[in-house]
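Asks: Kindly generate the corresponding structure for this input.
(2 chains)
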Amino acid sequence: MKIDSNVVDGVAVLSPKGKITIGVGDVALREAVHDVLDNGERNILIDLSGVSTMDSSGVGELVSAYTTVKNRGGMLKLCSVPSKVTDILQMTQLITVFEVYDDRAEALATF
Amino acid sequence: MGTENSQFSTTEEAHVRISVGSRFEHIDLVQIVVDDALGRLGLDDDSRHWVGIAIREAVANAIKHGNRQDPQKAVDVELAVVADHAVIRIEDRGEGFDPKAVANPLAPENLLKPNGRGIFYMKSFMDEIAYSFRPGGGTVLTLRKQLTATESSDNEVDSERSGDG
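Replies: Numbering: from 1, shown residues only, chains lettered A, B, ... in the order given. Predicted coordinates for the structure are as follows:
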């Protein structure tokens, strides 16, 4: 699990690659979100195009990130969500909670 | 030894057992072993992805809630074929729990909770899940998935068939 992080037009863009699953990927995602918040960023876009597998811990970490960012007055959105990750978010009715965009450019224009 | 990419030819041959200590790092290993066996049994890629996630959830729960991440305590995983179903048993050394007491993750008040979705996903991805509890300690979770192709959706949610041991 590797997470690229860069800031584009005032939005921190996180691009996790690999599995967001219990014990490894979920912790890495939590740390990446806290790192960008500690750097003073308020708005986060998570580009999920490189994510192959997400389990309930990964889903839980996305939800935690969403509430943390929201409580600090920022926004967290998702883009480029692979179909299997969309399915897993849909099943637990979270696809309605997150703002999800087809690609990065489209998502960045909405912040 | 069989030839490369050979299919399992008998149910006895398909019988696979793996035992790991309670570390999250071992979840990948269990999934790889069971996924390989399910591939040889003819389960399609898509179904194997979802069964793989169900197995990950099951082993994660056994490690985290059952064995409390004590690496000395084993999680035993066994795959067998029974009447055209893959039957996967995951056993831990924990004290057990009441499956009926698990909150519904779709309830509005639970929607944004960081945990509590694992069992729901297992029920969604498998044809049947059932818990049983050994009197002296140890939880046995049995997951079933039909091996032949069916018309049913992968996303079908069947929360009625989970056993309570």
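
Asks: Please point out which parts of the longest helix anywhere in chain B sit buried.
Replies: In chain B, taking DSSP state H as the definition, the longest helix is helix B:45-61. Buried positions in helix B:45-61, judged by neighbour count with 16 or more other CB atoms under 10 Å in any protein chain shown: B:47-61. C-beta: built from backbone N, CA, C; applies to glycine.

Asks: list the helices and strands the longest helix along chain A packs on?
Replies: Secondary structure assigned by DSSP H gives helix A:56-71 as the longest helix of chain A. With contacts taken as 3 or more CB pairs under 8 Å, 6 or more residues apart in numbering or on different chains; DSSP states H and E, helix A:56-71 sits against strand A:11-20, helix A:25-38, strand A:44-47, strand A:76-79, helix A:83-91, helix B:45-61, helix B:118-125.

Asks: what number of residues lie near the residue of chain A found nearest chain B?
Replies: Distance from chain B to each residue of chain A (CB to the nearest CB) is smallest for A:Gly23, at 2.7 Å. By the criterion of other CB atoms under 10 Å in any protein chain shown, A:Gly23 has 18 neighbours.

Asks: what's the answer for B:Gly136, then?
Replies: Residues within reach of B:Gly136, counting by other CB under 10 Å, total 6.

Asks: Repeat that for A:Leu48.
Replies: Neighbour number of A:Leu48 under other CB under 10 Å is 22.

Asks: Could you do the one 4 residues further on as well?
Replies: Around A:Ser52 sit 14 other residues, with neighbours defined as other CB under 10 Å.

Asks: list the contacts for it?
Replies: By CB atoms under 8 Å, 6 or more residues apart in numbering or on different chains, the residues touching A:Ser52 are A:Gly18, A:Lys19, A:Pro82.

Asks: so the last one makes contact with A:Thr53?
Replies: No - look at A:Pro82 against A:Thr53 with CB atoms under 8 Å: they stay out of range, at 9.6 Å.

Asks: Which one of the two is surrounded by more residues?
Replies: Each of A:Pro82 and A:Thr53 has its neighbours counted (other CB under 10 Å); A:Thr53 has more, 20 against 15.

Asks: give me the residue from chain B nearest chain A.
Replies: Among the residues of chain B, B:Phe24 lies closest to chain A, at 2.7 Å counting by CB to the nearest CB.

Asks: Would you mind measuring from the closest residue to A:Gly74 other than its chain neighbours to A:Leu76?
Replies: In space, and not counting its chain neighbours, A:Gly74 is closest to A:Arg42: 3.4 Å by CB to CB, 6 or more residues apart in numbering or on different chains. Distance, A:Arg42 to A:Leu76, by CB to CB, to the nearest Å: 10 Å.
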